[in-house]
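[1] Here's a sequence, model it:
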Amino acid sequence: MERSSLEINLPDTHEEGKLYVVDSLNNLNKLNVCPDGSQHVLDEEENTGDTGENTAGSNTRNQCLFFVTFILTLIVSLALVSFVIFLIIQTRNKMDQITSRLISEKKNIEELKKMNNMILKHLNQSGIKR
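    Below you'll find the predicted structure:
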């Protein structure tokens, strides 16, 4: 008699275990898929039994919000790219100015070297003649 009662109870326990595992997996999936705030909204929708009209309106609103966010992101990105291009152009202009100054200073230094050599030659020649 003991075995017959065990055999009868085991399938019921096994079925309850399967249901518990499936329910736990569903809850885990909801936690992984939905953020904290939206989990509460999903639970309320399941309890109230919303119709498809509310979902369609929410879907349209979400698409509109996504579109507006996308457009704003593009505008901000365009502004940042324009600012970077402006900075690159300004940097190039400054580098060109610095390069032209360096070239002119190099020419001045070369002229000063030539004049120094001429003065040294003149001093050496005048020192030898004395």
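
[2] Low-confidence ranges, the protein, go.
    1-19, 32-54, 128-130 (pLDDT under 70).

[3] so what does the longest helix anywhere in the chain touch, helix or strand wise?
    Ranked by number of residues, the top helix in the chain under DSSP state H is helix 52-129. Helix 52-129 sits against no helix or strand, with contacts defined as 3 or more C-beta pairs under 8 Å, 6 or more residues apart in numbering; DSSP states H and E. Yep, even glycine has a C-beta here, placed from its N, CA and C like the rest.

[4] give me that answer again for 10 Å
    helix 36-48 (3 or more C-beta pairs under 10 Å, 6 or more residues apart in numbering; DSSP states H and E).

[5] Could you check how far residue 63 is from residue 93?
    Separation of residue 63 from residue 93 (C-beta to C-beta, to the nearest Å): 45 Å.

[6] just residue 81 next, same as before
    19 Å.

[7] And for residue 79?
    Between residue 79 and residue 93 the computed distance is 21 Å (C-beta to C-beta).

[8] Over to residue 62?
    Going from residue 62 to residue 93 by C-beta to C-beta gives 47 Å.

[9] Nothing else from me, thank you.
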